[in-house]
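In: Need a 3D model of the sequence below.
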Amino acid sequence: MAVGSYEKFIASMKSGQIGNLYIFHGEERYLLEHSLVDIRRRLCPGGLDGFNYKRFEGKEIRVDDLDDAINILPVFAERTLIEVHDFDVFKGKKSAEQEIAEAPASSKKSKTAEKDDKQHLVDIFADLPDYVCLVIVYDTIQYKPDGRTKLDKEIIERAQIVEFKVQEQAKLIKWISRHFDAAGKRIGKSEAEYLALITDGYMTALETEIKKVSAYCSSDVVTRGDIDAVVTPALNAFAYKLTDAILGRKHESAMQILDELMQIREPPHKIIYSISLKMRQFLAARVCIEENLSKKELIDMCGIRFDFQATALINAARKTTLEVCRDAVLLCAEAAYDLNSTSEPEARLIELVARFAV
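Out: Next comes the predicted model:
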């Protein structure tokens, strides 16, 4: 299978080895878009308005049109770049004429037409000219090949598949630090981790927030206060801030955050899940203290993403007892059970957060 990781893809690009057929997909749109920009820059140095760049959108494209574009020779250039966005090559797409013709037909005939479309694609991919670079981009549609079918396997065999994942912690923190350095600011490791956490670690959101924080910060060093002052947290970050306030015994703040979550209609079951998860981690931190286990062991045990989260859990657990931690987990379990039967889940959540203030 000709599957290339992001790292292998970047290495091949740096060496000037640009292939004929790519499939781009993944959550990290920042890296995907920057990779597209890089390919365009290398293959279309004169810009995208000439004869050697074609872009198709999935809702409009016909396989015959794609075939025609591939067979047009480049003009005053070595290669042609063709981008196809949101066209599911594993499902195929019928032309308008086919759809009209097949409207009264049986589902069996429709499946046959889709198979013919996919076979046409396989034939196209099998005979791509050297001068073509074809990039299939899964943007708003899901990349979901059916590995059981022969045609899907043939498509996967011929393409270089690049998945753009959310970056792992170490790489992301370095990336954040470099961007702050470029803006003339410095950020510590724990502050960078916190910023990554409340933006869900997506580079597109981070790039915008880094610019906002850099413009707001009056000193050379970015603080958590600077981040909280201007950064718009991702939805999941509200739940983290809620549980952080509970563990820090900032009860008024916890109630305020809970109210914000309810205002934006975050599902109660999702909120209780976040609180329960944090309390189980809280209990695990206390167990690690009791058993003289390391912070790394806590991180591995709970699947904690950022180092500063483990540090905060351990610091909070040091101030309490194993019994209190167990009671917190039981309170969450009782509340989660009640949510399945109560007609007022918001009131039950408020009661739970209030119990932690006792």
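
In: Which segments of the protein make up each domain?
Out: Per automatic domain parsing, the structural domains of the chain span 6-163, 166-232, 235-358.

In: Just name the shakiest helix or strand of the protein by mean pLDDT.
Out: helix 96-102 (a mean of 42; mean pLDDT, DSSP states H and E).

In: Pairing partners for the helix or strand where K54 lies, with directions?
Out: Taking DSSP states H and E as the criterion, K54 maps to strand 53-57. Strand pairing for strand 53-57, determined by DSSP bridges: strand 80-85 (parallel).

In: if you go through the stretch 101-250 of the chain in chain order, where are the strands?
Out: Using DSSP state E, counting those that start in this stretch, the strands found in the stretch 101-250 of the chain span residues 132-137, 160-163, 186-187, 221-222.

In: Tell me which of these is the most buried.
Out: strand 132-137 (a mean of 22; mean count of other Cβ atoms under 10 Å). In this view, the C-beta of every residue, glycine as well, is placed from N, C-alpha and C.

In: and that strand, average pLDDT?
Out: Averaging pLDDT along strand 132-137 gives 96.

In: Find the helix or strand that the spatially closest residue to S294 that is not a sequence neighbour is a member of.
Out: Excluding the flanking residues, the one nearest S294 by Cβ to Cβ, 6 or more residues apart in numbering is C288, at 7.5 Å. In this structure, C288 sits in helix 268-290 according to DSSP H and E.

In: With just CA atoms, put that helix into PDB.
Out: Only the C-alpha atoms of helix 268-290 are listed here, as PDB (Å, rounded to 0.1, in the frame of the first residue of the first chain):
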ATOM      1  CA  PRO A 268     -25.600  17.800  30.400                       C
ATOM      2  CA  HIS A 269     -24.400  14.200  29.700                       C
ATOM      3  CA  LYS A 270     -21.300  15.600  28.100                       C
ATOM      4  CA  ILE A 271     -20.600  17.900  31.100                       C
ATOM      5  CA  ILE A 272     -21.100  15.100  33.600                       C
ATOM      6  CA  TYR A 273     -18.700  12.900  31.600                       C
ATOM      7  CA  SER A 274     -16.000  15.600  31.700                       C
ATOM      8  CA  ILE A 275     -16.500  16.100  35.500                       C
ATOM      9  CA  SER A 276     -16.500  12.400  36.100                       C
ATOM     10  CA  LEU A 277     -13.300  11.900  34.100                       C
ATOM     11  CA  LYS A 278     -11.500  14.600  36.000                       C
ATOM     12  CA  MET A 279     -12.600  13.200  39.300                       C
ATOM     13  CA  ARG A 280     -11.300   9.700  38.400                       C
ATOM     14  CA  GLN A 281      -8.000  11.300  37.400                       C
ATOM     15  CA  PHE A 282      -8.100  13.100  40.800                       C
ATOM     16  CA  LEU A 283      -8.500   9.800  42.600                       C
ATOM     17  CA  ALA A 284      -5.700   8.200  40.500                       C
ATOM     18  CA  ALA A 285      -3.400  11.100  41.500                       C
ATOM     19  CA  ARG A 286      -4.100  10.500  45.200                       C
ATOM     20  CA  VAL A 287      -3.500   6.800  44.700                       C
ATOM     21  CA  CYS A 288      -0.100   7.600  43.100                       C
ATOM     22  CA  ILE A 289       0.700   9.800  46.100                       C
ATOM     23  CA  GLU A 290      -0.200   6.900  48.500                       C
END
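
In: what's downstream of that helix, the next helix or strand?
Out: Moving toward the C-terminus from helix 268-290, the next helix or strand (DSSP H and E) is helix 295-302.

In: circling back: what are the buried residues along the helix holding C288?
Out: 268, 271-272, 274-289 (16 or more other Cβ atoms under 10 Å).

In: likewise stretch 137-153?
Out: V137, Y138, Y143, P145, L151, D152.

In: Ok, stretch 291-298 next?
Out: L298.

In: One more: stretch 220-239?
Out: Buried residues in stretch 220-239, defined by neighbour count with 16+ other Cβ under 10 Å: V222, D226, I227, V231, P233, A234, A237, F238, A239.

In: contacts for it?
Out: For stretch 220-239, the surrounding residues in contact (Cβ atoms under 8 Å, 6 or more residues apart in numbering) are 180, 184-188, 191, 194-195, 197-200, 202, 205, 209, 212-214, 216-217, 241, 257, 260-261, 264, 266, 270-271, 274-275.

In: Low-confidence stretches in the stretch 1-150 of the chain?
Out: Scanning the stretch 1-150 of the chain for pLDDT under 70 picks out the ranges 1-4, 92-115.

In: all helices for it, in order.
Out: Listed in chain order, the helices of the stretch 1-150 of the chain (DSSP state H, counting those that start in this stretch) span 6-14, 29-43, 63-70, 96-102, 107-126, 150-158.

In: and of these, who's closest to V132?
Out: helix 63-70 (5.4 Å; Cβ to Cβ).

In: Taking strand 80-85 as reference, get the angle to that closest one.
Out: 150 degrees (axes from the mean of the first three to the mean of the last three Cα atoms, to 10 degrees).
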